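Novice: Model the following, please.
(one chain, ligands or ions: 1)
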Amino acid sequence: MSGVRPTGRAHLGNYFGAFSNWVALSREYETYLEIADYHALTTAFERTGDIAPGIHDVALDILASGIDPERCVLYVQSALPEIAEMHLLLSMIVPVAWLQRTPTFKDQIAALGGEIATYGFLGYPLMQLVDIAIVRATAVPVGRDQLSHIELGREIVRRFNHLFGPTLVEPEALLSAFPDVPGTDGRKMSKSYGNAIDIADDDAVTTKKIRSMLTDPQKIRRHDPGNPDICPVFKLHHVVNAERVPVIREECSTGALGCVDCKSECAERLNAVMKPVRDRRASIDPAGVARVLRDGAERARSVARSTLADVKAAISI
Ligand code: TRP
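Specialist: Numbers count the residues shown, from 1 in each chain. Next up is the predicted model:
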């Protein structure tokens, strides 16, 4: 089981860091994928109008990535009211201090000030645990930034099972070797930094974005030797052009390869790798997305109902 917030059109960091890994895992495991709109509400309560289009776009990108909706259960969080009910029940046993000490909570408060310190936002990691536990997931593929949430989730499960008897499954984080996908400015690719290349970008837009990337500032003329280790274009080559990395390192360092050619190759490779995904995205019937999500919600709900019934029986309510 894994989840993503409905932040709209997804980018290559989402694709290489999460979606492509989900596709691989879904061939091996029974898979639940959730678009977490309640989670979006915890921070976007002033811009709730963005949520519905964001759900549609991210669902399209997930399907374009190769997720087969017959095999995987793809659904929107708020279509499962059982999540809200189980969140309320579990909130009774989660000490406030556990939530307050979550690193992401402390970071967000530091970054955004007190405004975000709502009751709902404090409960973010509890809601994430409910997402996971309600479908009885054993493994949760996530990035490193989510590890503290999974760890807290495990503590909540242990506490529940200790208080009410063995009921919930303790999930494990599945950390895979996610590549570090740089944005066009060299920082981590992120929608909020405005440095993203989107899954849905076409070849021309992708090429233009890569051409605009900064390289080693000391490499001014074509034949100047460069330092690939500080160059974000070189990092992108690792993601889409791994077999050529040793040659590019050599040719950049000696000055044999200029940045313009290096970027062209990178853009070409990236566009080639993304072609099947982009073709699939263009061929998906947008009206079918709602149907997929409805069907996914129905399938997820049947598991969720049964878990919630177990939880209520354990608590005797
Ligand atoms: N918190 C995750 C993020 O910000 C998204 C998410 C919500 C999630 N529910 C989840 C991830 C359940 C894994 C499992 O990216």
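Novice: What score does the residue lying closest to residue 228 once chain neighbours are set aside have for pLDDT?
Specialist: Distance criterion CB to CB, 6 or more residues apart in numbering; nearest residue to residue 228, sequence neighbours excluded, is residue 234 at 4.1 Å. Using the backbone N, CA and C atoms, a C-beta is placed for each residue, glycine as well. You'll see residue 234 listed with a pLDDT of 97.
Novice: what's the answer for residue 113, then?
Specialist: Residue 113 is given a pLDDT of 66.
Novice: contacting residues around the residue of the stretch 201-317 of the chain found nearest the ligand?
Specialist: Per CB to the nearest ligand atom, residue 300 is where the stretch 201-317 of the chain lies closest to the ligand, at 12.3 Å. By CB atoms under 8 Å, 6 or more residues apart in numbering, the contact list for residue 300 reads 32, 34, 73, 75, 79, 80, 135.
Novice: hmm, 6 Å instead?
Specialist: 73, 75, 80 (CB atoms under 6 Å, 6 or more residues apart in numbering).
Novice: Surely it is in a helix?
Specialist: Yes. When DSSP: H, G, I helix; E, B strand; the rest coil is applied, residue 300 is found to be in a helix.
Novice: In three-state terms, how would the residue lying farthest from the centre of the chain be classified?
Specialist: For the chain, the residue at maximal distance from the C-alpha centroid (CA atoms, centre = their mean) is residue 223, at 39.6 Å. Secondary structure, three-state DSSP: residue 223 is coil.
Novice: Pretty sure it sits against residue 257.
Specialist: No. At 9.4 Å, residue 223 does not count as touching residue 257 under the criterion of CB atoms under 6 Å.
Novice: For the chain, what lies in contact range of the ligand?
Specialist: For the chain, the residues in contact with the ligand (CB under 6 Å from any ligand atom) are 1-5, 34, 36, 39, 128, 131-132, 140, 142, 146.
Novice: cutoff 8 Å now
Specialist: 1-5, 34, 36, 39, 77, 124, 127-128, 131-132, 137, 140-143, 145-146, 149-150 (CB under 8 Å from any ligand atom).
Novice: contacting residues around the helix or strand that contains residue 208?
Specialist: For residue 208, the host element (DSSP states H and E) is helix 203-211. Outside helix 203-211, the residues that touch it by CB under 6 Å, 6+ apart are 184, 197, 263, 266, 267, 271.
Novice: Provide a list of residues in contact with the second one.
Specialist: In other words, residue 197. Neighbours of residue 197 in contact, by CB under 6 Å, 6+ apart: 12, 206, 209.
Novice: Just give the nearest non-adjacent residue to the residue of the chain found nearest the ligand, would you?
Specialist: Nearest residue of the chain to the ligand (CB to the nearest ligand atom) works out as residue 3 at 2.8 Å. Counting by CB to CB, 6+ apart, residue 3 lies nearest to residue 34, which is 4.1 Å off, once chain neighbours are set aside.
Novice: Residue 77 is in contact with that neighbour, correct?
Specialist: Yes. Residue 34 is in contact with residue 77 according to CB under 6 Å; the separation is 5.4 Å.
Novice: More neighbours: which of the two?
Specialist: Between residue 34 and residue 77, residue 34 has the larger neighbour count (other CB atoms under 10 Å), namely 28 against 24.
Novice: Just say helix, strand or coil for the more buried one.
Specialist: Secondary structure assignment for residue 34 (three-state DSSP): strand.
Novice: among the residues of the chain next to the ligand, which ones are buried?
Specialist: Neighbour counting with 16 or more other CB atoms under 10 Å marks 1-5, 34, 36, 39, 77, 124, 127-128, 131-132, 137, 140-142, 146, 149-150 as buried within the residues of the chain next to the ligand.
Novice: So, low pLDDT: which residues of this protein?
Specialist: Counting by pLDDT under 70, the ranges of the chain that qualify are 113-116.
Novice: any idea where the strands of the stretch 1-150 of the chain begin and end?
Specialist: Assigned by DSSP state E, counting those that start in this stretch, the stretch 1-150 of the chain shows strands spanning 2-4, 32-35, 73-76, 139-141.
Novice: cool, and the stretch 201-317 of the chain?
Specialist: Applying DSSP E, counting those that start in this stretch to the stretch 201-317 of the chain gives no strands.
Novice: now the helices: where do they sit in it?
Specialist: 203-211, 232-240, 245-254, 259-283, 286-315 (DSSP state H, counting those that start in this stretch).
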